[in-house]
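**Student:** sequence and predicted structure below; questions after.
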Amino acid sequence: MNPFDQRSFHHPNPTVCLCAALVLSSSLLSACSNPLQRQTTIETSLSPTRTPVAATPVAVTGTSTASQPAPTQAPTSKAPSATATTAQIGAKPTAASGALSSATATAKPESVTTHFSLCSAVKPGLKAAPPTLGNTAGQIVYLTPDSNVVLTDETGRARVNVTNDAYVSSDGNAGRIYLFPTFSSDGSMLAFVSMATTADFNGITQTVHIAPATTGTTVTDVFQTSDLNIPYLDFSPDGQQIAFLAISGSFGEIRVVNKQGGNIAVFGTGAPTYWNWRRDSGAMVTHLGGRATEKGAATIAFIEAKGAAKGKEVVVDALPGNFQSPNYAPDSAHVLYVANPSTDAQQDELVLADGAGKPLCTLMAIKDNAYFAWSPDGSHVAVMDTANPLSQPATLHIFDLSDGSTKAVKDAVSAFFWSPGGDKLAVYSVITNPHFDKLGGVSAKLDSLESAARVAQTQDQIGLRIEVIDSRSGQSVKVADTYPSRQLQQYFQFFDQYSRSVSPWSPDGKHLVFTTQSPDGQTADVGVATLDAAGSVSLKRVAAGTVAFWSPK
C-alpha cells in the first residue's frame with residue numbers, strides 16, 4: 001500500500017497532508033476528490049511558483065523618510081494543477097530562479113520611518129522569566145510510513161501504538177490515514193486527525209481524536225465531519241480544551257471543544273484563520289482575514305474563553321498587516337502582531353503590543369510577510385521577513401527586548417523553532433544536493449511509487465539542513481541534512497502557526513527529533529540528535545516514520 005499517495009482537495013500538491021495545510025491560506029475549494037486514489041504519473045511538483053529573490057531585510061532607524069515599496073500580499077493557494085506547487089521542497093531550481101543560493105545575498109539596508117516608536121529607542125525592558133525545563137526527555141510521537149500514530153522514547157525502545165488500523169486498499173479506493181499529532185502542554189494528552197473514505201467514495205470523513213499519552217491508550221472521538229477539512233490542532237495551555245481549524249468552502253473557523261467531547265463552539269471565522277492561546281487558557285488572540293486597508297476587512301482580536309465556550313470579543317484598533325499567526329508573550333502581558341499603520345502606509349510594522357493589543361513600539365518594518373516567535377523566557381523575539389520561507393529563504397533576526405537591540409544570526413533560513421530554555425533555535429534551511437546523514441539500523445522500505453518519485457528527483461535534489469544556533473552568540477552547529485517526507489513538507493510554509501503547538505525539541509532541551517528519507521526514496525526514518533555541552537552532535541535512528549515531534553514535558 002502507498003500511504004504517501006493520498007490525493008485530494010485539488011490543492012497544489014496532490015497529497016492529503018499538503019492540501020490540509022494549504023487550506024490555512026485564503027483560497028480554498030470545497031470540491032474534493034478521493035484522497036486515497038493512486039495515480040501512476042510521477043510527480044513533477046515540489047518547485048516554487050515564485051522566483052526566489054535575494055533576501056533584503058530592512059534596517060529600521062527611524063531617521064529617514066525614504067519610502068519603501070508597498071508590501072505584497074501574503075501568498076495564497078489558487079488551486080493550480082498538480083505540477084504547479086506553492087513553495088515546496090524537492091525540485092531542481094531553474095536558471096530563471098537564480099537557484100536558492102541567491103537568497104543568501106543581502107542587499108544594503110535601507111533606512112525607513114515607522115509609524116510607532118522603534119523598540120530600539122523605547123527599550124521596553126522586558127525581563128527574562130526562565131522557563132521550567134523538563135527533567136526527563138519526554139516522549140516522541142511519530143507517524144509511521146503507513147500513517148499510524150506511535151509514541152516512543154528517545155531510544156526508540158519503549159513504544160506505544162496509539163493507532164494500528166491505518167491502511168490504503170490495493171486499488172487505492174478505500175483507506176484510513178492519521179495526521180497532525182499534537183501534544184497537550186503537559187505532555188499527558190495527544191490529539192490527532194484521521195481521514196477515511198470507503199470504496200464507493202461517498203465522501204471523506206475526518207475525525208478529531210484525543211488519547212492519553214500513556215501505555216494502554218484509549219482513543220476518544222471528540223468531533224467528526226464529512227463536510228470540513230481539519231489541518232491544525234491546538235490544545236489550550238491547561239490541556240482542558242482542543243481548538244482546531246475547520247475549513248468549509250473558502251473560510252476557516254476556529255472551533256473549540258472540551259477534551260472529553262461535547263458542544264462545539266465557534267470562536268472566529270476568516271480566510272485565512274490563525275490564533276494563539278493566552279498562557280492561562282482564558283483567552284486567545286486571533287488574526288482573521290489577512291491584511292486590511294480598511295476597518296472590518298480583516299481583524300486582530302482578543303476572545304475570552306470560558307472553558308470551551310466563547311466569551312467577550314474585543315477587536316484591536318490597529319489594522320492587520322502581512323503576517324500569519326499572532327503570538328502571546330509567555331507573561332501574557334504582551335503580544336506580537338503585524339500592523340498596517342494606515343490606509344496609505346507604504347510598509348507594515350511588527351509591533352510589540354500590551355495585553356490589550358495597544359501597540360507599544362515597532363520591532364521592525366515588514367516588506368513582505370513576517371514569521372516570528374517569542375523565546376520561551378519572553379526576553380527575545382525571532383523574526384523572518386519573506387513572502388515565502390521556502391522559495392525565498394530569509395535572514396533570521398533576534399531581538400533582545402531587555403535593551404531593544406537586534407542582530408542577524410543566520411542568512412537564508414526557511415523555518416525555526418525555539419528550544420525550551422530559549423538559549424537555542426533549531427533552524428531549517430533549504431539546500432541543494434544535501435549530504436544525506438545515515439542514521440544506521442534497519443530502515444523502513446517505502447513502496448515502489450514513492451520510491452520512483454524520489455529516484456526521479458535524486459539529481460540536484462533539494463533538502464533541508466538542520467542546524468542548532470545559539471541565540472545569544474549566533475554560533476551554529478550542523479545537526480543533519482535531510483530529505484523531508486511529503487507529510488512533513490506541509491508544515492514549513494506555516495511553521496509559525498505550527499510552532500505554537502508542536503516542537504522538535506525534547507523538554508530538557510538536550511535532544512532534537514527529525515525525520516528523513518534516503519536520497520533514493522527507499523526508506524523513511526525518525527532520528528534523534530543529542531547535543532552535548534561541548535557542542536558536538538550525535539545521531540541515532542529510533543524508528544521508521546515520516547513526521548515526528550516531542551512532548552513539551
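**Tutor:** Right, received. Where do you want to start?
**Student:** what about the helices in the stretch 401-550 of the chain?
**Tutor:** Assigned by DSSP state H, counting those that start in this stretch, the stretch 401-550 of the chain shows helices spanning 448-456, 486-489, 495-498.
**Student:** how about low-confidence regions in the stretch 151-300 of the chain?
**Tutor:** 215-216 (pLDDT under 70).
**Student:** nearest residue to K478 in space, please, no chain neighbours.
**Tutor:** Distances taken as Cβ to Cβ, 6 or more residues apart in numbering place E467 nearest to K478, at 5.3 Å, with adjacent residues excluded. In short, each C-beta sits where N, CA and C put it, glycine included.
**Student:** list the contacts for that neighbour?
**Tutor:** With contact set as Cβ atoms under 8 Å, 6 or more residues apart in numbering, E467 has these partners: K410, A426, V427, S429, S476, V477, K478, V479.
**Student:** look up how far K540 lies from the residue nearest to the last one when sequence neighbours are not counted.
**Tutor:** By that I understand V479. Closest residue in space to V479, ignoring its immediate chain neighbours: I466 at 4.1 Å, by Cβ to Cβ, 6+ apart. Taken as Cβ to Cβ, to the nearest Å, the spacing of I466 relative to K540 amounts to 15 Å.
**Student:** do N340 as well
**Tutor:** Using Cβ to Cβ, one gets 47 Å for the distance from N340 to K540.
**Student:** what about those two, which has more around it?
**Tutor:** N340 (23 against 16; other Cβ atoms under 10 Å).
**Student:** A292 is in contact with that one, correct?
**Tutor:** Yes - using Cβ atoms under 8 Å, N340 makes contact with A292 at a distance of 6.2 Å.
**Student:** can you list residues touching both of those two?
**Tutor:** Common neighbours of N340 and A292, counting by Cβ under 8 Å, 6+ apart, are L319, P320.
**Student:** by mean pLDDT, which helix or strand of this protein comes out lowest?
**Tutor:** Among the helices and strands of the chain, helix 16-22 carries the lowest confidence by mean pLDDT, DSSP states H and E, at a mean of 35.
**Student:** which residue packs closest to the residue nearest in space to the middle of the chain, ignoring adjacent ones?
**Tutor:** A centroid search over the chain (Cα atoms, centre = their mean) returns F495, at 2.1 Å, as the residue closest to the centre. Across the structure, with Cβ to Cβ, 6+ apart as the measure, the residue nearest F495 apart from its sequence neighbours is A415 (4.0 Å).
**Student:** ok, the one you found to L336 distance?
**Tutor:** A415 sits 17 Å away from L336 when distances are taken as Cβ to Cβ.
**Student:** likewise for A329?
**Tutor:** Spatial separation of A329 from L336 under the definition Cβ to Cβ is 7 Å.
**Student:** now for the two: what residues contact both?
**Tutor:** When contacts are counted by Cβ under 8 Å, 6+ apart, A329 and L336 are jointly contacted by W374.
**Student:** endpoint to endpoint, stretch 329-336 covers what distance?
**Tutor:** End-to-end span of stretch 329-336 (Cα to Cα, to the nearest Å): 8 Å.
**Student:** nope, stretch 359-375 is what I meant
**Tutor:** For stretch 359-375, the first and last residues are 19 Å from each other (Cα to Cα).
**Student:** buried set for it?
**Tutor:** 359, 361-375 (16 or more other Cβ atoms under 10 Å).
**Student:** kindly report the same for stretch 279-289.
**Tutor:** Taking 16+ other Cβ under 10 Å as the basis for neighbour counts, the residues of stretch 279-289 that come out buried are R279, S281, G282, A283, M284, V285, T286, H287, L288, G289.
**Student:** just the ones in strands from these, please.
**Tutor:** Of the buried residues of stretch 279-289, the ones assigned to strands by DSSP state E are A283, M284, V285, T286, H287, L288.
**Student:** nearest to I264, of the residues you listed?
**Tutor:** Nearest to I264 among those is M284, at 15.6 Å by Cβ to Cβ.
**Student:** my guess is that closest one meets W277, correct?
**Tutor:** Yes - M284 lies in contact with W277 (Cβ under 8 Å); the separation is 5.0 Å.
**Student:** if I look at the two, which residues touch both of them?
**Tutor:** Shared contacts of M284 and W277, defined by Cβ under 8 Å, 6+ apart, comprise A243, A305.
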